[in-house]
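>>> Predicted model, plus sequence, below.
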Amino acid sequence: KTTTSSSPNTTMMQTSQMQTTSPNNALQPPNNNRMTTILGTSLEIIIHELLYCRRIYPTESFTLQRYCGVQCHASRVPGVCEYVAETLSVAIPALCC
């Protein structure tokens, strides 16, 4: 579905990703905020699961959770959770640039 505005230099394409063109018709990249969130959450779950599987911390310090319908382990220790979150807050923006 394409909608054209009254301005001859501006064209807006309405798709599932809401891609738009600028007045000079250069394609603008889609918003990466959703991808960053998905990547960050997935990596956080993977890191917690690795910590559990490798027995880096006692298994009693983990709880079972579901992510995308899959049972996985997550640490209950606030310090571990903060460390993982802080590490990913630096790593994710660098990966998604």
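That came through, no problem. Residues are numbered from 1 along each chain as shown.
>>> From here on, just use CA atoms for contacts and neighbour counts.
OK.
>>> which stretches of the protein aren't confidently modelled?
Residues of the chain that meet the criterion pLDDT under 70 lie in 1-31, 97.
>>> Mind listing what's buried along the longest helix seen in it?
The longest helix of the chain (DSSP state H) is helix 33-53. Buried residues in helix 33-53, defined by neighbour count with 16 or more other CA atoms under 10 Å: 36, 40-41, 43-45, 47-49, 51-52.
>>> Contacts for that helix next, please.
57-59, 62, 67, 72-75, 84-85, 88, 92-93, 96 (CA atoms under 8 Å, 6 or more residues apart in numbering).
>>> Just give me the closest of the residues you listed to Asn32.
Comparing those against Asn32 with CA to CA places Cys96 closest, at 7.7 Å.
>>> Could you report the neighbour count for the closest one?
11 (other CA atoms under 10 Å).
>>> wait, what's in contact with it?
With contact taken as CA under 8 Å, 6+ apart, Cys96 is in contact with 32, 36.
>>> 57 is where my numbering starts, stick with that
Yep, numbering from 57; the last one is Cys152 now.
>>> Against Ser117, how distant is it?
31 Å (CA to CA, to the nearest Å).
>>> cool, and Thr143?
20 Å.
>>> His129 should be in a strand, yeah?
Yes: His129 forms part of a strand when assessed by DSSP: H, G, I helix; E, B strand; the rest coil.
>>> what sits opposite it in the beta ladder?
Leu120 (DSSP bridges).
>>> rewinding a little: nearest to Val136, of the buried residues of helix 89-109?
For these, the nearest to Val136 is His104 (9.0 Å; CA to CA).
>>> For ChimeraX, what selects the buried ones among the contacts of helix 89-109?
Applied in ChimeraX, the following selects the buried portion of the contacts of helix 89-109 according to 16+ other CA under 10 Å:
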select :118,128,129,130,131,140,141,144,148
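>>> just checking, which of the contacts of helix 89-109 belong to strands?
118, 123, 128-131 (DSSP state E).
>>> Distance to Asn88 for those residues - can I get that in CSV?
Shown next, in CSV, are the ones in strands among the contacts of helix 89-109 (distance: CA to CA, whole Å):
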residue, distance to Asn88
Phe118, 31
Tyr123, 21
Cys128, 26
His129, 27
Ala130, 26
Ser131, 28
